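Novice: Any chance you could fold what I've pasted below:
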Amino acid sequence: MKPEIIVSSTDLDRLEGLLHAANARSRSDLDGLRDELARADVRDAEDLPGDVITMGSRVRFCEELSGKDYALTLVYPHEASQEGGKVSVFSPAGSALLGLSRGQCIDWMTPDGKAIRIRVMEVEQPAAEA
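Specialist: Numbering: from 1, shown residues only. Sure thing, here's the model as predicted:
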């Protein structure tokens, strides 16, 4: 069972625009993100809890089995950078994290086919820093 997720209406509009663009429309690797957006609880930005992962959020999470911690920022595809710790929402990790809240877990497959469970430890939304 997948955890409940919350997505801002602004993020939903922007992501749906990207997913409907000609270069993304037929990409089956983005079906996971499409599914996540379809099942999301969509809210206005001012109605989002402060611990929900939105676009631009800085996230700290851990892999439950190994206990290894990770930190990254969830970004749009053109902003992704491994060196800067910025992961694209179009990646499996990015689409899995979108909409989760602090304390929630999700199971997903790594690129090498390994099943892992991650738990969200901290979320810094970009609006909270302004």
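Novice: CA only for contacts and neighbour counts going forward, please
Specialist: Noted.
Novice: what residue is smack in the middle of the chain?
Specialist: The centre of the chain sits closest to Leu98, judged by Cα atoms, centre = their mean, with a distance of 2.3 Å.
Novice: how much space between it and Ala22?
Specialist: Here the criterion is Cα to Cα, to the nearest Å. By it, Leu98 lies 23 Å from Ala22.
Novice: Below-threshold pLDDT in this structure: ranges please.
Specialist: Of all residues in the chain, those with pLDDT under 70 make up the ranges 1, 127-130.
Novice: list the contacts for Thr110?
Specialist: Pro92, Ala93, Ile116 (Cα atoms under 8 Å, 6 or more residues apart in numbering).
Novice: Quick check: the second one vs Pro3, distance?
Specialist: With distances defined as Cα to Cα, the gap from Ala93 to Pro3 amounts to 15 Å.
Novice: how many other residues sit next to Asp41?
Specialist: Other residues near Asp41 come to 14 when the count uses other Cα atoms under 10 Å.
Novice: Same question for Ile53.
Specialist: Residues lying near Ile53 (other Cα under 10 Å) number 29.
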